[in-house]
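Enquirer: Provided below are the primary sequence and the corresponding predicted coordinates.
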Amino acid sequence: MIRSFTMMVLATATLSHALPAAAEPQVFVYKGAGCDGRDRIPRFEQVMGVQVVGAVDFLSQDGWPQMIGGAKWALDCWSQVPIALSISLPMLMKTETSFAAGLAGANDAAFAQVGSLLVAKGKADASIRVGWEFNGNWYPWAIYRDPAGFKAYFRRIVGILRATPGQHFTIVWNPSMNSGSITPENAWPGDDVVDAIGLDVYNQSWRSQDIDPAVRWQGYLTANYGLNWLADFAVTHNKPIVIPEWGTGTRPDGHGWGDDPLFIHNMAAWMRAHNTLFHGYWDFNASDYNAQLSTGLFPNAAAAYTQEFGPH
């Protein structure tokens, strides 16, 4: 009954926005960085009854040497398994808040090295999220400081990555849902430098009416830069969609909605109804959000995930 209701909701709310459906979206997961994530994926597959074809990982923002050192370690780990990779690539480090030095070429060598490492470690087909969640205020590359600078710097970084011999990267432009005072459209760097459009979707909200899961889902559809916006924007630019991070879980402040199978079913139906290449479930206990399904913490959501993405 839940699945039927899900399909009715999506038919009235979003299907008019859809590109022709792609093949079944590929299952990615975030289980931690580098070797930690790599070594946890087999148990996730066993517990959840799914086959994982890709992993999500992040490069360090602590400094350019740390980013390169971390990339070498992580890619050594991922090179040992035949798995696709979604890499989150910082545009600036934590101590930087201006695009000026990057636009002048100060960081070109670091990006070139990341591109070369990906190819050398067998990940020439990596999906790269350049400066993800840029419309929020929590990363140093936040666009509210300089949208024009962001666009120019994004283009510069992509040019460096695409100049890597042997690469066939997928470049992802990835805003955050319902965040920021500047619309993401103001940070669009151009159709020629973006291969896919991403959005991170977590089951969290601050509206009192969202105690109702169906009402809550409608909020995710209609939010500023929400799922309806994503579908329309992707059609406008003729780009496929990726959902690099998503999950249902709990937050320390109480605004996560925990064990919500309807969210899982609705997300699965939405992704199948749109031109979605892959989705990366956040099966990890982070300091700000715990969406782990594989530990038994959210049994109903876990069962829904297995039903949607396990063998049929």
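Expert: Noted; the coordinates are in hand. Residues are numbered from 1 along each chain as shown.
Enquirer: Quick check, residue 270 in contact with residue 227.
Expert: Yes - assessed by CB atoms under 8 Å, residue 270 is found in contact with residue 227 at 6.1 Å. Where C-beta positions appear, they are placed from N, C-alpha and C, glycine not excepted.
Enquirer: For the nearest residue to residue 133 once chain neighbours are set aside, grab phi and psi.
Expert: Counting by CB to CB, 6 or more residues apart in numbering, residue 133 lies nearest to residue 176, which is 4.0 Å off, once chain neighbours are set aside. In terms of degrees, to the nearest 10, the main-chain angles of residue 176 are phi -110, psi 140.
Enquirer: Look at residue 176 and report its pLDDT.
Expert: In this prediction, residue 176 carries a pLDDT score of 92.
Enquirer: got it, and residue 179?
Expert: Residue 179 carries a pLDDT value of 76.
Enquirer: Also residue 5?
Expert: On pLDDT, residue 5 comes in at 25.
Enquirer: how about the CA coordinates for stretch 143-154, as PDB?
Expert: Extracted C-alpha coordinates of stretch 143-154, given in PDB (Å, rounded to 0.1, in the frame of the first residue of the first chain):
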ATOM      1  CA  ILE A 143      28.600  31.400  -3.400                       C
ATOM      2  CA  TYR A 144      27.000  34.200  -1.300                       C
ATOM      3  CA  ARG A 145      30.500  35.700  -1.200                       C
ATOM      4  CA  ASP A 146      31.000  35.900  -4.900                       C
ATOM      5  CA  PRO A 147      28.800  34.000  -7.400                       C
ATOM      6  CA  ALA A 148      30.700  35.300 -10.400                       C
ATOM      7  CA  GLY A 149      34.000  34.200  -8.900                       C
ATOM      8  CA  PHE A 150      32.500  30.700  -8.100                       C
ATOM      9  CA  LYS A 151      31.400  30.300 -11.800                       C
ATOM     10  CA  ALA A 152      34.800  31.300 -13.200                       C
ATOM     11  CA  TYR A 153      36.700  29.200 -10.700                       C
ATOM     12  CA  PHE A 154      34.500  26.200 -11.300                       C
END
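Enquirer: Determine how far that stretch lies from the middle of the whole chain.
Expert: How far stretch 143-154 lies from its chain's middle: 20 Å, per CA atoms, centre = their mean, to the nearest Å.
Enquirer: Repeat that for stretch 296-308.
Expert: 20 Å.
Enquirer: do stretch 232-245 as well
Expert: Here the centre of stretch 232-245 is set off from its chain's centre by 12 Å, with CA atoms, centre = their mean.
Enquirer: Centre-most residue in this protein?
Expert: residue 244 (2.1 Å; CA atoms, centre = their mean).
Enquirer: From residue 128, how far out is that residue?
Expert: As judged by CB to CB, to the nearest Å, residue 244 and residue 128 stand 10 Å apart.
Enquirer: Overlap in contacts, the two.
Expert: Overlap of the contact sets of residue 244 and residue 128 (by CB atoms under 8 Å, 6 or more residues apart in numbering) consists of 86, 172.
Enquirer: List the buried residues of stretch 68-86.
Expert: By neighbour count with 16 or more other CB atoms under 10 Å, stretch 68-86 contains the buried residues 68, 70-72, 74-75, 77-79, 83-86.
Enquirer: and what of stretch 288-306?
Expert: Within stretch 288-306, the residues that count as buried by 16+ other CB under 10 Å are 289-294, 297-298, 300-306.
Enquirer: Please state the offset of that stretch from the chain centre?
Expert: On CA atoms, centre = their mean, the centre of stretch 288-306 falls 18 Å from the chain's centre.
Enquirer: coming back round to it: hang on, the residue nearest to the centre of the chain in a strand?
Expert: Yes - the assignment for residue 244 (DSSP: H, G, I helix; E, B strand; the rest coil) places it in a strand.
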